[in-house]
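Colleague: Fold the following and give me the result.
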Amino acid sequence: MDGIRTWLLAIIAASILCALAERVMPPGPVKRVGGLTCGLVLLWTILTPVARPDLGAGRAWLEDYLAALEQREMELSDQVDQGRKVLIEQEYAAYIVDKAAEWELNCTARVKCRVEEGLYIPDETMVAGPFSDVEQSRLTQMIREDLGVPAERQTYYAEGELP
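Modeller: Now for the predicted structure:
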């Protein structure tokens, strides 16, 4: 960015110098030669970056840009993964609530997943509701069989106590 600023300042300075020179030149052949010279100076000022590009600065800028792009890509990927995980956990919790509703049980559920080879696997469940021992045992078995969460990672709470 500093190189562009310097280049634009050089063009502006050359333009001002040429304008001043044109004003003080006497009319006639001197003014025509002066105009040609000013035109060549302006052309040289404009084309200098093309003739002598600063490849080192361009390379450094590109490397910085690519590093920032890669960092942003990783951040966005993490955000997408986190959002996907939340959605999948909500779907598993809804599955538990729906299964309980089929058995005429009213409950709320929360599921925490772990990532295994890019897949979100249910790892822990928390279920709240007014369950008898038989109903809780039935839910425990369903969660173990359908979701693969062992009984020791299933937590049950009284109705409305889900953390």
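Colleague: ok, now which ones touch Cys163?
Modeller: I think there's a mix-up here, since residue 163 is Pro and not Cys. By Cβ atoms under 8 Å, 6 or more residues apart in numbering, the contact set of Pro163 is 110, 126, 157. The way it works is simple: take the backbone N, C-alpha and C, and place the C-beta from them, glycine included.
Colleague: Repeat the analysis, applying 7 Å as the threshold.
Modeller: Pro163 sits next to Met126 when contact means Cβ atoms under 7 Å, 6 or more residues apart in numbering.
Colleague: My guess is Cys113 contacts Tyr120. True?
Modeller: Yes. With contact defined as Cβ atoms under 7 Å, Cys113 reaches Tyr120; the gap is 4.1 Å.
Colleague: thought Met142 was touching Lys99?
Modeller: Yes. Look at Met142 against Lys99 with Cβ under 7 Å: they come within range, at 5.7 Å.
Colleague: all strands for this protein, in order.
Modeller: 108-116, 119-128, 154-157 (DSSP state E).
Colleague: winner for burial among the ones you listed?
Modeller: Per residue and on average, the most neighbours among those fall to strand 119-128, with a mean of 18 (mean count of other Cβ atoms under 10 Å).
Colleague: Okay, angle between it and strand 108-116 too, please.
Modeller: 160 degrees (axes from the mean of the first three to the mean of the last three Cα atoms, to 10 degrees).
Colleague: What are the boundaries of the helices in the chain?
Modeller: 2-24, 29-51, 55-102, 133-142 (DSSP state H).
Colleague: what's the most buried one of those helices?
Modeller: helix 133-142 (a mean of 14).
Colleague: Please export the alpha-carbon coordinates of that helix; PDB is fine.
Modeller: Output of helix 133-142 as PDB, limited to C-alpha atoms (Å, rounded to 0.1, in the frame of the first residue of the first chain):
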ATOM      1  CA  ASP A 133     -38.000 -46.300  38.300                       C
ATOM      2  CA  VAL A 134     -39.500 -48.500  35.500                       C
ATOM      3  CA  GLU A 135     -39.900 -45.500  33.100                       C
ATOM      4  CA  GLN A 136     -36.400 -44.300  33.800                       C
ATOM      5  CA  SER A 137     -35.000 -47.900  33.300                       C
ATOM      6  CA  ARG A 138     -36.900 -48.100  30.000                       C
ATOM      7  CA  LEU A 139     -35.500 -44.700  28.800                       C
ATOM      8  CA  THR A 140     -32.000 -45.800  29.900                       C
ATOM      9  CA  GLN A 141     -32.300 -48.900  27.800                       C
ATOM     10  CA  MET A 142     -33.600 -47.000  24.800                       C
END
